[in-house]
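1. Could you look at this predicted model? Sequence included:
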Amino acid sequence: MVSVQEAFSILKNNLPEPKEVEYLLSKARKHVLSQSLYSRINMPPFRQSAMDGFALNFHDSFNYEIIGEIKAGDSHQVNLLPGQAIKIFTGAAVPDSALAVIQIEKVAVKENILKLEEYPKLRLNIRPIGEQNAKGDLIFEKGSVLNAAAIGFLAGLGFTIVKVYQKPSIGILITGNELVKPGNPLEYGKVYESNGVMLESALKDAFYNAVTLYEVNDDFENTKKKLQKALSENDVVLVSGGISVGDYDFVSQALKELEVATLFYKVNQKPGKPLFAGKLKDKLVFALPGNPAACLTCFYVYVLPTLTILSGNVANYNQTSQKTITHNFSVNNSRCQFLKAAAIGNDVTILSHQNSSMLNTFSIANALVYLPDGTYEIEKDSKVDIYHI
């Protein structure tokens, strides 16, 4: 059995390098750039009107002759003489001869004559070439995460393909004769299967969409075949249940026969002691406890940071913060604990129903309070370490 910190260190030292791939920009949301990007054009690429109005070439009078209009997207060139104006719309190209754009609400128009209410400032309402960025400017550094705005920004600069780190594909193997799919009759001695959909939902919450579910009864040969299939089709395999030492827990034996090297088995923590981590070449396997709350705890503490790092993000396994506990709490445990909690602002409250089989409290938790092993008292208003989930 290893400590939590030993488990973190072992994982960190056994992670394969993130894989670099080319992605269509439209598919790259929430991916991490594997190279820095530089602008290929000026943005805007031409002098651009910031609003609907009239582009003017100044002269000494408040009256201007209107000679036409320019819509967004028009590509014809116009030369304004002093005293001439042209109607222009937001986003349209402003003629080089125009010295300002006066907004439409501040003028009076009669036939083809424009009358100003006041004399405009030079370059008023004109976005200069390269105002946002110039050609050759660094726009995103390697390691940047692409959100929706970044996708739009890059599209506006003409990008269609970007190099990113590939998110790992993930297989989830669900084991157990006692499991029944929701929607079917529940016979005596059976329970509804929840870990598969729970893990899949947690993965999709974190923007991991390449997820495949596999199911197997408690049978050694079938367990081995399904594990082999999952390993051949995915970068990371999560196994729910079957890792303990019971007569019908076949996962450990199957992993050995498939030559999955053990990184660690059992962690000195509660819940989630029977956690297994293994490696087959550049593939990783996590055998998670079958109890739902223990399963989800191990997912947030070990699996999700691993996936984050494999996806090219800068992350570690100790991304905790400190919060002020809102109540007294007694600790008397030979194992460290991860306790479901509600964090609001700078405060955190440890919730009830901490049993490893119970998800009702987990459904309203947004943090795990980490408490070292030992016998001691935590006083209200003291600081505790938490993992955000």
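-> Arrived safely, thanks for sending. Numbering: from 1, shown residues only.

2. Just give me the neighbour total for the closest residue to L138 other than its chain neighbours.
-> Leaving aside its chain neighbours, L138 sits nearest to Y38 (5.7 Å; criterion: C-beta to C-beta, 6 or more residues apart in numbering). From N, CA and C alone the C-beta is placed, and that goes for glycine too. The local packing of Y38 (other C-beta atoms under 10 Å) involves 13 other residues.

3. and if you look at the one 5 residues further on?
-> Around M43 there are 21 other residues, counting by other C-beta under 10 Å.

4. which residues touch it?
-> Each residue near M43 by C-beta atoms under 8 Å, 6 or more residues apart in numbering is listed here: 130-133, 156-157.

5. Bridged to it, which residues?
-> N133 (DSSP bridges).

6. what about the residue nearest to L138, distance to F140?
-> 9 Å (C-beta to C-beta, to the nearest Å).

7. ok so, going back, isn't the residue nearest to L138 up against D137?
-> Yes - using C-beta atoms under 8 Å, Y38 is in contact with D137, at 6.5 Å.

8. So which bits of stretch 68-77 are buried?
-> Under the neighbour-count criterion of 16 or more other C-beta atoms under 10 Å, stretch 68-77 has I70 buried.

9. Would you tell me what helix or strand A7 is located in?
-> helix 4-12 (DSSP states H and E).

10. contact partners of that helix?
-> 2, 263-264, 267-269, 275, 277, 301-302, 306, 316-318, 336.

11. Also stretch 193-213?
-> With C-beta under 8 Å, 6+ apart, stretch 193-213 has contacts from 29-30, 167-172, 174, 176, 179-182, 215, 230, 233-234, 238, 240-241, 288, 290, 292, 295-296, 299-300, 304, 307-308, 359.

12. for the stretch 51-200 of the chain, what spans make up the helices?
-> Using DSSP state H, counting those that start in this stretch, the helices of the stretch 51-200 of the chain run over 148-156, 195-205.

13. Go through these and pick out the most buried.
-> Each of the helices of the stretch 51-200 of the chain was scored by mean neighbour count; the highest is helix 195-205, a mean of 17, by mean count of other C-beta atoms under 10 Å.

14. could I have that one exported to CSV, CA atoms only?
-> What follows is helix 195-205, C-alpha atoms only, in CSV (Å, rounded to 0.1, in the frame of the first residue of the first chain):
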residue,chain,number,x,y,z
ASN,A,195,-20.8,4.0,-12.2
GLY,A,196,-20.5,3.8,-16.0
VAL,A,197,-22.9,6.7,-16.8
MET,A,198,-21.4,8.6,-13.8
LEU,A,199,-17.8,8.3,-15.1
GLU,A,200,-18.9,9.1,-18.7
SER,A,201,-20.7,12.2,-17.5
ALA,A,202,-17.8,13.3,-15.4
LEU,A,203,-15.5,12.9,-18.4
LYS,A,204,-17.8,14.9,-20.7
ASP,A,205,-18.1,17.6,-18.0
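
15. what's near enough to touch the residue nearest to I41 when sequence neighbours are not counted?
-> Among residues not flanking I41 along the chain, K135 sits closest, at 5.6 Å (C-beta to C-beta, 6+ apart). Contact analysis of K135 by C-beta under 8 Å, 6+ apart lists 39-42.

16. So for K135, what pLDDT did the model give?
-> On pLDDT, K135 comes in at 97.

17. Equivalent analysis for Y23, please.
-> Y23 is given a pLDDT of 95.

18. Report the beta-bridge partners for it.
-> Using DSSP bridges, the bridge partners assigned to Y23 are V162.

19. before we move on, what about L116?
-> Beta-bridge partners, per DSSP bridges, of L116: V107.

20. Give me the below-cutoff pLDDT ranges for this structure.
-> Low-confidence segments of the chain (pLDDT under 70): 242-249.

21. Please parse it into its domains.
-> What the record gives for the chain is the domain set 4-19+167-310, 20-42+131-165, 48-127, 320-388, from automatic domain parsing.

22. Need the winner for burial among those.
-> Per residue and on average, the most neighbours among these fall to domain 4-19+167-310, with a mean of 18 (mean count of other C-beta under 10 Å).

23. Quick check: end-to-end length of that domain?
-> Taking C-alpha to C-alpha, to the nearest Å, the first and last residues of domain 4-19+167-310 lie 20 Å apart.

24. Work out the gap between it and the centre of the chain.
-> Computed by C-alpha atoms, centre = their mean, to the nearest Å, the chain-centroid distance of domain 4-19+167-310 equals 21 Å.

25. now swap in stretch 141-149 and tell me
-> 10 Å.

26. could the helices of the stretch 51-200 of the chain go into JSON lines alongside distance to K19?
-> Formatted as JSON lines, these follow (distance: least, C-beta to C-beta, whole Å):
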{"stretch": "helix 148-156", "distance to K19": "21"}
{"stretch": "helix 195-205", "distance to K19": "18"}
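
27. Out of the ones you listed, which gets nearest to H59?
-> helix 148-156 (36.0 Å; C-beta to C-beta).

28. contact partners of the closest one?
-> So helix 148-156 is contacted by 25-26, 28-29, 37, 43, 139-140, 144, 146, 162 (C-beta under 8 Å, 6+ apart).

29. which of those sit farthest apart?
-> R29 and M43, at 20.7 Å, using C-beta to C-beta across the contacts of helix 148-156.

30. What distance do you get for the closest residue in space to Q103 that isn't next to it in sequence to V107?
-> The spatially closest residue to Q103, leaving aside those adjacent along the chain, is G53, at 4.3 Å (C-beta to C-beta, 6+ apart). With distances taken as C-beta to C-beta, G53 is found 7 Å from V107.
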